[in-house]
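Peer 1: return atomic coordinates for the entry below.
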Amino acid sequence: KLILLDSLLQELTSLQLHSVTMLIDKPGLLAVIKVEHLFLPSGRKNQALLEQTDLHKYQEEHKIPDNFCRKNKESNIQMKFSCWPCRIVIESVVALRDHLSGGKHLENAANPVDNSEYFIDTALNGNWKKRKGVKRPLEETRLSKRERTKENKLARSIPILTQYTEEKYEETETYFENGLRKVRPYHFTFTTHAKGRWVGDKLSDVFAREFRAMEPKEYARCIEAGLVRVNDKASSVDYRVQHNDFISHTVHRHELPVTEQKINIINEDDDWAVVDKPGSIPVHPCGRYRHNSMTFILAKEHGLKTLQTVHRLDRLTSGVLIFSKSAAKARVMEQQIKAREVEKEYVCRVVGEFPEEEIVCEEPIEVISYKIGLCVVDPKGKDCKTTFQRLEFKNGVSIVKCWPKTGRMHQIRVHLQFLGFPITNDPLYNSEIFGPEKGKGGDLGKSHEQLVQDLIKYHTVENWINSDEYEDSEIVSETEIIENLDKIEVKSEIKEEASIKTDAEKQKLSDDLEICDPFCDPHCGECKL
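Peer 2: Below you'll find the predicted structure:
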């Protein structure tokens with residue numbers, strides 16, 4: 001083997017692969033192609049062919065360097081050979097030549113390795129494999145993932161906001177009123193990195209499409225006012241989102257109230273905290289909830305500031321919730337849940353007389369809108385399974401025990417809706433917008449796109465219903481709300497025109513409020529209401 005290797009080395013050395021005359025000596029055998037790496041609006045990668053030249057002709061004018069096929073990160077342009085196996089052979093020969101001229105090869109040749117370090121792996125087609133050594137111990141100074149994130153932000157000159165430090169618990173006040181836990185409004189900066197599907201789109205279009213907390217014209221105002229920043233710099237509505245952009249949006253945040261019910265700690269030790277979660281409180285910050293979430297309440301009122309979420313319960317669901325006090329313990333429990341070693345039981349109140357026998361539902365569930373969090377039964381969805389058993393039936397309502405075998409989004413709620421027994425107080429899946437049968441048997445009576453649009457319209461109008469104008473309205477059902485949406489919008493426009501006359505009078509009041517009330521923002525639509 002050594003003799004053959006030496007002869008091969010001599011031949012490779014004599015080839016002088018850097019010379020443009022030695023790669024190929026005939027035309028028509030191989031081509032050089034020039035491609036551009038692109039990202040489609042959907043976020044998928046694509047390659048566009050720009051040029052194609054015969055290699056024999058190309059190397060008459062150009063030199064083929066070692067890194068010929070390496071992509072240019074600035075222009076996203078890459079040169080390639082038209083035949084993949086040929087490219088592999090050429091690159092392998094070049095790599096071998098570089099290795100033979102390197103110090104590592106000379107050192108290994110001078111000090112042959114002990115054959116005992118290698119063995120034949122029968123499970124790997126009889127190939128030689130080097131025995132693994134002892135794992136290197138972790139360095140004591142190794143940073144945690146959170147600390148590495150901070151280091152990366154500092155290296156990229158991205159400011160670390162106080163909302164990611166211990167000061168976040170002091171950014172607002174909590175008070176109790178009429179049985180509800182409420183949070184005073186406060187300024188908050190949402191941050192995110194650009195997603196693949198956003199790349200190439202206008203910044204204003206991304207906000208209008210992806211978020212629904214404001215109207216599109218209000219998002220445009222925020223961008224022009226500098227409240228929306230890209231890479232910590234002011235931007236414009238026509239800015240095109242690029243890869244790895246760091247986008248921030250400062251808003252005057254109004255959190256929705258939750259129940260004032262006390263959170264009871266069932267068990268706590270050095271590794272775990274098990275609590276009794278009341279309904280209406282989300283597990284962690286999401287949507288319009290932050291300080292009114294389980295993690296924040298436990299941190300502020302019980303001193304548990306290092307909790308890691310192991311599993312979640314829907315906001316409207318009450319029950320046992322497990323937190324870990326370290327990321328390592330959280331991973332252990334997550335693996336047990338993923339391996340189906342943990343069994344969950346739910347009890348719910350549903351509409352109608354549920355069958356007495358055990359019912360198993362295995363309908364696949366698909367998320368059709370992440371924007372509003374909507375799922376439906378669909379053959380293209382993910383496999384899931386839920387077992388149901390009726391416990392009691394009284395006054396047209398059944399108490400049902402549920403055993404989900406998988407953990408899909410809204411799994412129990414969607415399966416009960418499909419079976420025709422939606423949860424009694426479910427504001428989403430027990431709705432006439434799904435049709436007269438409320439989605440029983442998967443019969444929606446409309447396309448998924450139309451269903452999402454109707455639900456967005458209803459929930460937008462639902463906010464309007466809470467105003468004084470609704471008392472004079474004759475709209476009483478969800479279906480009528482959708483049908484009379486245009487009438488409602490007209491009333492809103494009339495109200496807006498009438499308010500213009502008093503804007504000048506209210507400006508002084510707004511200025512006074514801004515001075516005397518730190519929780520008021522004169523530009524905030526909710527503060528105006």
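
Peer 1: so G352 makes contact with F421?
Peer 2: Yes. Counting by CB atoms under 8 Å, G352 touches F421, with 5.1 Å between them. Bear in mind the C-beta positions are built from the backbone N, C-alpha and C, glycine included.

Peer 1: compare those two (neighbour count), which wins?
Peer 2: Higher neighbour count among G352 and F421: F421, with 25 against 15, using other CB atoms under 10 Å.

Peer 1: for the more buried one, helix, strand, or coil?
Peer 2: Assigned by DSSP: H, G, I helix; E, B strand; the rest coil, the conformation of F421 is coil.

Peer 1: what do G352 and F421 both touch?
Peer 2: Jointly contacting G352 and F421 under the rule CB atoms under 8 Å, 6 or more residues apart in numbering are S398.

Peer 1: low-confidence stretches in the stretch 401-529 of the chain?
Peer 2: Residue ranges of the stretch 401-529 of the chain with pLDDT under 70: 459-518.

Peer 1: would you map the helices across it?
Peer 2: Remark: helices assigned in the stretch 401-529 of the chain by DSSP state H, counting those that start in this stretch are 411-419, 448-465, 478-483, 485-500, 503-516, 525-528.

Peer 1: other SSEs contacting the first one?
Peer 2: Applying 3 or more CB pairs under 8 Å, 6 or more residues apart in numbering; DSSP states H and E, we find helix 411-419 packed against strand 346-351, strand 359-361, strand 365-369, strand 374-377, strand 386-394, strand 397-404.

Peer 1: and S431, which of the ones you listed is closest to it?
Peer 2: S431 sits nearest to strand 374-377 of all these, at 10.8 Å, using CB to CB.

Peer 1: after the helix or strand hosting R97, next one along is what?
Peer 2: Under the criterion of DSSP states H and E, R97 resides in helix 84-100. Counting by DSSP H and E, the next helix or strand C-terminal to helix 84-100 is helix 103-110.

Peer 1: and that next one, what does it pack onto?
Peer 2: Here helix 103-110 touches no other helix or strand, going by 3+ CB pairs under 8 Å, 6+ apart.

Peer 1: now do 10 Å
Peer 2: When contacts are defined as 3 or more CB pairs under 10 Å, 6 or more residues apart in numbering; DSSP states H and E, helix 103-110 packs onto helix 2-15, helix 84-100.

Peer 1: quickly, which of the ones you listed bottoms out on average pLDDT?
Peer 2: Set side by side, the helices and strands packed on helix 103-110 give their lowest mean pLDDT on helix 2-15, at a mean of 52.

Peer 1: residues of the following helix or strand past that helix that come out buried?
Peer 2: Toward the C-terminus, helix 2-15 is succeeded by strand 31-39 as the next helix or strand (DSSP H and E). Residues of strand 31-39 classed as buried: 31-33, 35, 39 (neighbour count, 16 or more other CB atoms under 10 Å).

Peer 1: same deal with stretch 52-63?
Peer 2: Quick answer for stretch 52-63 (16+ other CB under 10 Å): 53-56, 58-59.

Peer 1: and if you look at stretch 186-203?
Peer 2: Within stretch 186-203, the residues scored as buried using 16+ other CB under 10 Å are 186-189, 194, 197-199, 201-203.

Peer 1: those in strands, which ones?
Peer 2: Secondary structure from DSSP state E places 186-189 of the buried residues of stretch 186-203 in strands.

Peer 1: now, among these, which is nearest to Q261?
Peer 2: The closest of those, once distances to Q261 are taken by CB to CB, is Y186, at 23.3 Å.

Peer 1: isn't that closest one up against T162?
Peer 2: No. Counting by CB atoms under 10 Å, T162 is not a contact partner of Y186; they are 11.4 Å apart.

Peer 1: need the overlap of contacts for these two.
Peer 2: Taking CB atoms under 10 Å, 6 or more residues apart in numbering as the criterion, Y186 and T162 both touch E171.

Peer 1: what about L307, how many residues nearby?
Peer 2: By other CB under 10 Å, 21 other residues sit near L307.

Peer 1: do you know how far it is from K344?
Peer 2: Distance, L307 to K344, using CB to CB, to the nearest Å: 20 Å.

Peer 1: doesn't N152 belong to a strand?
Peer 2: No. The assignment for N152, made by three-state DSSP, is helix rather than a strand.

Peer 1: and stretch 436-445, how far from the chain's centre?
Peer 2: Counting by CA atoms, centre = their mean, to the nearest Å, stretch 436-445 is centred 29 Å from the centre of its parent chain.

Peer 1: sorry, that was for stretch 302-313
Peer 2: Going by CA atoms, centre = their mean, the spacing between the C-alpha centre of stretch 302-313 and its chain's C-alpha centre is 19 Å.

Peer 1: and for stretch 317-336?
Peer 2: Remark: stretch 317-336 is offset 20 Å from the chain centroid, using CA atoms, centre = their mean.

Peer 1: pull the most distant pair out of the buried residues of stretch 186-203.
Peer 2: Within the buried residues of stretch 186-203, Y186 and V199 form the most distant pair, 32.0 Å apart (CB to CB).

Peer 1: just send the buried residues of stretch 52-63 back as JSON lines, with secondary structure too.
Peer 2: As requested, the buried residues of stretch 52-63 are exported to JSON lines (three-state DSSP):
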{"residue": "T53", "secondary structure": "strand"}
{"residue": "D54", "secondary structure": "strand"}
{"residue": "L55", "secondary structure": "helix"}
{"residue": "H56", "secondary structure": "helix"}
{"residue": "Y58", "secondary structure": "helix"}
{"residue": "Q59", "secondary structure": "helix"}
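
Peer 1: and which of the residues you listed is nearest to V452?
Peer 2: Among the buried residues of stretch 52-63, T53 lies closest to V452 (CB to CB), at 49.1 Å.

Peer 1: how far away is the closest one from I88?
Peer 2: From T53 across to I88, the span is 20 Å (CB to CB).

Peer 1: now swap in V283 and tell me
Peer 2: In terms of CB to CB, V283 sits 49 Å off from I88.

Peer 1: of those two, give the one with the bigger neighbour count.
Peer 2: The neighbour comparison of V283 against I88 (other CB under 10 Å) goes to V283, with 20 against 11.

Peer 1: what sits against that one?
Peer 2: 277, 289, 293-295, 309-315, 317, 321, 323 are the contacts of V283 under CB under 10 Å, 6+ apart.

Peer 1: is it fair to say it lies in a strand?
Peer 2: No. V283: not assigned to a strand; according to three-state DSSP it is coil.

Peer 1: settle this for me: V94 is touching S101, isn't it.
Peer 2: No. When contacts are counted by CB under 10 Å, V94 is not listed as touching S101 (11.2 Å).

Peer 1: which one's more surrounded, those two?
Peer 2: Per other CB under 10 Å, whichever of V94 and S101 has more neighbours is V94, with 19 against 12.

Peer 1: can you tell me how far that one is from H105?
Peer 2: Using CB to CB, V94 is found at 15 Å from H105.

Peer 1: then E218?
Peer 2: As judged by CB to CB, E218 and H105 stand 65 Å apart.

Peer 1: thinking again about what came up before, mind listing what's buried in the helix holding R97?
Peer 2: Quick answer for helix 84-100 (16+ other CB under 10 Å): 90, 94, 97.

Peer 1: stretch 253-261 too?
Peer 2: Buried positions in stretch 253-261, judged by neighbour count with 16+ other CB under 10 Å: 253-255, 258, 261.

Peer 1: export it as CSV, just CAs?
Peer 2: Provided in CSV are the C-alpha atoms of stretch 253-261 (Å, rounded to 0.1, in the frame of the first residue of the first chain):
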residue,chain,number,x,y,z
ARG,A,253,-48.8,47.9,25.3
HIS,A,254,-52.2,47.3,26.8
GLU,A,255,-52.5,43.8,28.3
LEU,A,256,-55.8,42.0,28.6
PRO,A,257,-57.0,41.3,32.2
VAL,A,258,-57.1,37.8,33.6
THR,A,259,-58.6,36.2,36.7
GLU,A,260,-57.3,37.4,40.1
GLN,A,261,-57.5,33.8,41.3
